[in-house]
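Student: Got a predicted structure plus its sequence, pasted below:
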Amino acid sequence: MNTTVIVPIVTLMLGAVALILFFSKRSQPYKAGLLVLALLLFAISIAVFLSGLLGRPDTSGIIAADTPTFTNQGDDQPSTPPMSPISPIYPTGSSETAEVGTIDIGLGECLLFTSDRSGDLEIYRLYDSADNLQQLTDSPGLDIGPDWSPDGKRIAFASNREEGTGFQIYLMNADGSGQKRLGDGQPGDNTHPSWSPDGTQIAFQSKRDTNFNIQDDNLDIYVMNSDASDIRQITSHPADDSQPSWSPDGRKIAFLSERSGQDEIYVMNPDGTDVEQLTELLVLKSDLGWSSDGRMIIFEGSGDIYVVDAQTKEVTKLISDADSNEATPTWAQNDNLVVLSSDRTGNWELYVFDTRKPNQALKQITDDPGLDRDPTWLPCAQ
């Protein structure tokens, strides 16, 4: 038991004994001393209690360090939560508003992002600067969530361009040519494609109706071959499972799930087995991305950027600004850089953060009246 609890209890008990003796007939000669002693002990009890209360750190959303970790099989819900200790915040409240060239900061010519600068959400490829970009899609619907294939020759994305099918997964070449739908076109809001490291499979989230009862449909994770064959469901849980992200070694898929009562980050094998919870953190999470060594997973949490260590489950708040929201982070340049979107200028633009210089300002990449979000980077074929 904490000393800030023990000391007040003991002194309070001693004070009560002194007060009882004060009223006893046998203690008439010592009445003054007993009264002073009782008041002193009460004062000590109150002082120690208040000092412990005021000095207590805020641990809301953080699991104690001695909480056991666990691994559970399949979709069974774990009985004990894991720990997600929070390590110190890197202050990055300021930003450089002048645009920087992507070549100058080491991003090369392979940065994709989503923007509505043409009127609706389309996918763009940014070359050496924000003034030199290529619009890859131009459909009547929304084109979102681009993801490079490992060889840099193809791009998977989601689009609702076809009426009556909702969002479907599409594929195109790196220059925007050869756009085609993958899969059977079954409605179900198929989004968030993520390539396997060998380029043979694509994981995605879907709410497709598999039992002809649309009332109980929820988001689950699916995997299909990159030629759209062999579509298979790998999670089946009453809670939503969403936003899959394939690990660089191909052995794990990270995803979000509400199976604990709130959205948390989990990992599993590519066949859906060996589900393990990584976080227990009271923030709304989104946009998962693995570091190149497979150790860290970056994500957005209620407008801040965090990373979680996939082995120790330690969480670090990487980027935080009380006056703005940060979102859609992605690793770049051997994890030395993080590209993200932020509304710190009043409009959503793309920024870059150097993880080697955590106290430096963010550098702005784009500056357009439209909304620029969802960057994704790969050292692709030039």
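Tutor: That came in fine, so what should we check first?
Student: ok, now how distant is the nearest residue to residue 290 once chain neighbours are set aside from residue 294?
Tutor: With Cβ to Cβ, 6 or more residues apart in numbering as the criterion, residue 290 has its nearest non-adjacent residue at 5.2 Å, and that residue is residue 247. Where C-beta positions appear, they are placed from N, C-alpha and C, glycine not excepted. The gap separating residue 247 from residue 294 is 5 Å, by Cβ to Cβ, to the nearest Å.
Student: now do residue 192
Tutor: Distance, residue 192 to residue 294, by Cβ to Cβ: 19 Å.
Student: which of those two has more neighbours?
Tutor: Using other Cβ atoms under 10 Å, the more surrounded residue of residue 192 and residue 294 is residue 192, with 27 against 16.
Student: got a list of what the more buried one touches?
Tutor: Neighbour list for residue 192: 145, 158, 204, 205, 242, 243, 244 [criterion: Cβ atoms under 8 Å, 6 or more residues apart in numbering].
Student: let's see it at 6 Å
Tutor: Contacts for residue 192 (Cβ atoms under 6 Å, 6 or more residues apart in numbering) come out as 145, 204, 205, 243.
Student: what's it sitting at in phi/psi?
Tutor: Phi and psi for residue 192, reported as degrees, to the nearest 10, are phi 50, psi 60.
Student: can you check residue 253 too?
Tutor: The phi and psi torsions at residue 253 (degrees, to the nearest 10) take the values phi -120, psi 120.
Student: Of the contacts of residue 192, which is the nearest to residue 376?
Tutor: residue 145 (8.5 Å; Cβ to Cβ).
Student: can I see the domain layout of this structure?
Tutor: Per automatic domain parsing, the domain ranges recorded for the chain read 3-54, 86-377.
Student: quick one: pLDDT of residue 101?
Tutor: Note for residue 101: predicted pLDDT of 54.
Student: How about residue 126?
Tutor: Residue 126 carries a pLDDT value of 87.
Student: Likewise for residue 238?
Tutor: Each residue has a pLDDT score; the one for residue 238 is 91.
Student: Please apply the same query to the one 5 residues further on.
Tutor: For residue 243, the model assigns a pLDDT of 97.
Student: So which elements touch whatever helix or strand it lives in?
Tutor: Residue 243 belongs to strand 241-246 when assigned by DSSP states H and E. Strand 241-246 sits against strand 191-195, strand 201-206, strand 220-225, strand 253-257, strand 285-290, with contacts defined as 3 or more Cβ pairs under 6 Å, 6 or more residues apart in numbering; DSSP states H and E.
Student: can you list contacts of it?
Tutor: Strand 241-246 is contacted from outside by 192, 194, 196, 203, 205, 219-221, 235, 253-257, 288-290, using Cβ under 6 Å, 6+ apart.
Student: Could you verify that residue 151 is part of a helix?
Tutor: No - counting by DSSP: H, G, I helix; E, B strand; the rest coil, residue 151 is located in no helix; its state is coil.
Student: With adjacent residues omitted, what lies nearest to it?
Tutor: residue 199 (5.9 Å).
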